[in-house]
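*Asks:* test case, fold it:
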Amino acid sequence: MQQIVIDIADPTSKDQPALDAALACRSPDSTLALFHNVYHKSIIDEPGNKDVVLDEVRDLLLESRHTQLEALASDRLGQKVSIHLVWAEQGWQELIRFAAQSKASLVVTQTIHKNRWQRLTLSNEDWETIRHCPMPLLLARADTSDRYQQVIAAIDPLHLDDKPASLDQKILHHASGLATLHSAALKVVNVVVPTQLAPMGGMESAMAVCEVSEQVLDAHKEATQRLMEAEKCSRGADSHVVVGNPEEEIVELANATPGSLVVMGGVSRTRLQRLLIGSTAERVLDKLTGDVLIVKPADFGVDMPAVDALMQASVSPMTRSFIG
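*Replies:* Numbers count the residues shown, from 1 in each chain. Sure, this is the predicted structure:
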């Protein structure tokens, strides 16, 4: 049985993109858990604060939000589900810890934010969740009623972007499953960056550059085809091996069709063990307007102090949580 944890930003809102996306991705045996951080910065929230009035205000807010989430579950799902409420300044940490404790197979969160230019952006909390969440993370980026018309698997089978080989297999596995679930078109995209094709240094003739480019492209096409055949999705899926900039090619393909879901991944580490999802992935995420599924390697978190500390940290004394 699979557990899907849904991060509800505002239980009173009529628009619930995270809930909609979760419902679109669940299987018949999936169970749902609603997560909500009640924290409000206008209420003084300092460790060791003994103000009884503030405690009562927090408790009232928790009770009110719990009632609203129960109503949301009843209206949208027609059933009672697990509800987890917390009061935490760093809500993303509690979300990941709860998902890990629940053995969640998928975490879904809403990431619709607009700046003064009305451009979709990711908040700092979004980025922290993306970088640290070990399980597949679905970002509900748009209010899409018809999820999903096409599923795009962004892969790099020759691992030129510092990714383990198994990650591409996971990306394609999730993309293929969701495409089948929605009877959507599956497009497997491998963007070969031009700098990967050009000879290093010296004056080279145009003929030499073309020859190297063809060799590299053939290698990418063969690797992509082998991966698709191994995942048994070569039939009925479109393969796109193109030369260009990933943040342009993937974004253009996804944003051109409403109801596009992009499945991508990629984790790299700096010498300071700071978590990244890869510079290419970050640039792509910042420009996509549709939903995105982020997939991590199977060994994500191994020898990563930041992830280990997050998972082992105790709950903040200011956190109030219960399941109902």
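*Asks:* now the helices for the stretch 201-324 of the chain?
*Replies:* 206-230, 246-255, 279-287, 305-312 (DSSP state H, counting those that start in this stretch).
*Asks:* packing partners for the longest one?
*Replies:* Under the contact criterion of 3 or more C-beta pairs under 8 Å, 6 or more residues apart in numbering; DSSP states H and E, the helices and strands touching helix 206-230 comprise helix 165-182, strand 185-192, strand 237-243. The way it works is simple: take the backbone N, C-alpha and C, and place the C-beta from them, glycine included.
*Asks:* can you list those in JSON lines and add mean neighbour count and distance to S260?
*Replies:* Shown next, in JSON lines, are these (neighbours: other C-beta atoms under 10 Å; distance: least, C-beta to C-beta, whole Å):
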{"stretch": "helix 165-182", "mean neighbour count": "20", "distance to S260": "11"}
{"stretch": "strand 185-192", "mean neighbour count": "22", "distance to S260": "9"}
{"stretch": "strand 237-243", "mean neighbour count": "16", "distance to S260": "13"}
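*Asks:* in TSV, list those along with mean pLDDT and distance to K287.
*Replies:* Compiled in TSV, the helices and strands packed on helix 206-230 are given as follows (pLDDT from 0 to 100; distance: least, C-beta to C-beta, whole Å):
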stretch	mean pLDDT	distance to K287
helix 165-182	90	19
strand 185-192	92	14
strand 237-243	89	17
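*Asks:* ranking the helices of the stretch 201-324 of the chain by mean pLDDT, which is last?
*Replies:* Among the helices of the stretch 201-324 of the chain, helix 305-312 has the lowest mean pLDDT, at a mean of 65.
*Asks:* give me the neighbour count for K80.
*Replies:* 10 (other C-beta atoms under 10 Å).
*Asks:* SS state for it?
*Replies:* Secondary structure state of K80, per DSSP: H, G, I helix; E, B strand; the rest coil, is coil.
*Asks:* ok, now P134?
*Replies:* Per three-state DSSP, P134 ends up coil.
*Asks:* change the start of the numbering to 242 and stick with it
*Replies:* Okay, residue one is now 242; in that scheme the one you just asked about reads as P375.
*Asks:* what's the neighbour count on it?
*Replies:* Quick note: P375 (other C-beta under 10 Å) scores 21 neighbours.
*Asks:* assess the claim that S501 and I393 are in contact.
*Replies:* Yes: under the criterion of C-beta atoms under 8 Å, S501 makes contact with I393 at 6.2 Å.
*Asks:* which residues do the two both contact?
*Replies:* 494-495 (C-beta atoms under 8 Å, 6 or more residues apart in numbering).
*Asks:* which residues are in contact with L427?
*Replies:* Neighbours of L427 in contact, by C-beta under 8 Å, 6+ apart: 391-392, 394, 416-417, 420, 474, 477-479.
*Asks:* redo those as CSV? Include distance to S407.
*Replies:* CSV is the format used below for the contacts of L427 (distance: C-beta to C-beta, whole Å):
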residue, distance to S407
Q391, 25
V392, 20
A394, 14
A416, 15
S417, 15
A420, 20
C474, 16
G477, 24
A478, 20
D479, 23
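*Asks:* thanks again, I'm all set now.
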